[in-house]
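A.B. asks: sequence-free structure coming up:
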């Protein structure tokens, strides 16, 4: 295209704006450049993409185009750099953790963050920000730090330009069921929440891509009324296909712990303020196996349930306050048609550490915080 430059690799997908052309993401994938073939498309265009279906994955070091990357869990992750986006050519393909890439969702690819996880991405030029689901690896371009979905790029207002300066801040682990409808409530403009109606105007999606409210996918039905499990510490080697790279990358993947679903009773009418914690019947905790679980008959590993909140901002505030103590996460939980946001902290090694975490949670306002044996 005359008068503009286009990034030459499929993962960065960035280009420049052109008055006659708003789609500037690079299409295609070069097997000769990466040494691998693109991942197979499993959902055809015009068909709703199923949610979830992946696994928790951190992974060991891997190499792409001669450069090594080391995935890791870092709750303090906060970086600034250039974002790009990827779209149609990768829509419907498997991501690095086994989910399916949906360009109409709020999602992203990152080189080292755990999968799936949530990050807040802020366009530092215009102040727009949104929380997105990281479920893929990339971009593998020297000056890019994150690849966003088409809809995320539209919302942050760089879809036409192809790239933007952004800040990426880790939020927490994402549930495996992929129910991310709540992310529309995380959109902000210079710190001020943007109404969902305005989000729909800024980043419209076709009717066929909309998941009807209250309708669960087969994956969600299989995980109904459960919380995302904590990963077991035993890794396994498994090749991973990337939607954004099409690459097979060997990683060490933690197996999700088995879930034992507990029926959720109806939640009574709430007389407390919207920010007050709500006590929910908890799901049976994930089971961790291994010699580290007990010593001399004493349990060594614990978790903390800090409570469930109607207001996601309140849940994230408490999560941020607990993050110095361990891996604090926020899990959306649907009870009787109402979405709550549960704050959990794990693993904690030893009873004293768990008791300290409960005390800290209560000081933050999570009065229903309690210890969960794992």
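C.D. replies: Nice, thanks for sending it over. Treat the numbers as computed from the prediction; the structure is a model and nothing was measured.
A.B. asks: where exactly do the strands run in the stretch 251-374 of the chain?
C.D. replies: Secondary structure of the stretch 251-374 of the chain (DSSP state E, counting those that start in this stretch): strands at 277-278, 294-295, 298-299, 301-309, 328-335, 338-349, 370-373.
A.B. asks: surely residue 45 touches residue 88?
C.D. replies: Yes. When contacts are counted by Cβ atoms under 8 Å, residue 45 is listed as touching residue 88 (7.4 Å). Where C-beta positions appear, they are placed from N, C-alpha and C, glycine not excepted.
A.B. asks: point out where the stretch 151-300 of the chain drops to low pLDDT.
C.D. replies: Where the stretch 151-300 of the chain drops to pLDDT under 70, the residues are 207-300.
A.B. asks: low-confidence stretches in the stretch 1-150 of the chain?
C.D. replies: Applying pLDDT under 70 to the stretch 1-150 of the chain flags the ranges 1-38.
A.B. asks: how about a cut-off of 50?
C.D. replies: Segments of the stretch 1-150 of the chain classed as low confidence (criterion: pLDDT under 50) are 1-24, 26, 34-36.
A.B. asks: would you map out the domains in this structure?
C.D. replies: What the record gives for the chain is the domain set 31-222, 260-373, from automatic domain parsing.
A.B. asks: picking up where we left off before, out of the strands of the stretch 251-374 of the chain, which gets nearest to residue 154?
C.D. replies: Closest to residue 154 of the strands of the stretch 251-374 of the chain is strand 328-335 (Cβ to Cβ; 23.1 Å).
A.B. asks: counting contacts, what elements does that closest one pack onto?
C.D. replies: When contacts are defined as 3 or more Cβ pairs under 8 Å, 6 or more residues apart in numbering; DSSP states H and E, strand 328-335 sits against strand 164-173, helix 312-322, strand 338-349.
A.B. asks: columns mean neighbour count and distance to residue 141 on top of these, output as CSV?
C.D. replies: Output for the helices and strands packed on strand 328-335, formatted as CSV (neighbours: other Cβ atoms under 10 Å; distance: least, Cβ to Cβ, whole Å):
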stretch, mean neighbour count, distance to residue 141
strand 164-173, 20, 14
helix 312-322, 20, 30
strand 338-349, 21, 34
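A.B. asks: in a markdown table, list these along with distance to residue 83.
C.D. replies: What follows is the helices and strands packed on strand 328-335, written out as a markdown table (distance: least, Cβ to Cβ, whole Å):
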| stretch | distance to residue 83 |
| --- | --- |
| strand 164-173 | 4 |
| helix 312-322 | 21 |
| strand 338-349 | 26 |
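A.B. asks: follow-up on the earlier one: closest to residue 84 out of the strands of the stretch 251-374 of the chain?
C.D. replies: Of all those, it is strand 328-335 that lies closest to residue 84, at 27.1 Å by Cβ to Cβ.
A.B. asks: any idea of the mean pLDDT for that closest one?
C.D. replies: On average, the pLDDT along strand 328-335 is 84.
A.B. asks: ok, back up a step: and the strands of the stretch 251-374 of the chain: which comes nearest residue 49?
C.D. replies: Taking the strands of the stretch 251-374 of the chain one by one with Cβ to Cβ, strand 328-335 is closest: 18.6 Å.
A.B. asks: note down every partner strand of that closest one and its orientation.
C.D. replies: strand 338-349 (antiparallel) (DSSP bridges).
A.B. asks: quick one: the strand it pairs with to helix 312-322, angle?
C.D. replies: 10 degrees (axes from the mean of the first three to the mean of the last three Cα atoms, to 10 degrees).
A.B. asks: next, the angle strand 301-309 makes with strand 338-349.
C.D. replies: Going by the same axes, to 10 degrees, strand 338-349 makes 160 degrees with strand 301-309.
A.B. asks: could you dump the strands of the stretch 251-374 of the chain into TSV and include distance to residue 145?
C.D. replies: Shown next, in TSV, are the strands of the stretch 251-374 of the chain (distance: least, Cβ to Cβ, whole Å):
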stretch	distance to residue 145
strand 277-278	35
strand 294-295	42
strand 298-299	40
strand 301-309	30
strand 328-335	22
strand 338-349	27
strand 370-373	35
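A.B. asks: please name whichever of those strands is nearest to residue 60.
C.D. replies: Nearest to residue 60, of all those, is strand 338-349, at 20.1 Å by Cβ to Cβ.
A.B. asks: what about the helices in the stretch 101-250 of the chain?
C.D. replies: Secondary structure of the stretch 101-250 of the chain, counting by DSSP state H, counting those that start in this stretch: helices at 150-155, 196-202, 218-222.
A.B. asks: between the strands of the stretch 251-374 of the chain, which one is closest to residue 69.
C.D. replies: Closest approach to residue 69 among the strands of the stretch 251-374 of the chain is made by strand 328-335 (23.2 Å; Cβ to Cβ).
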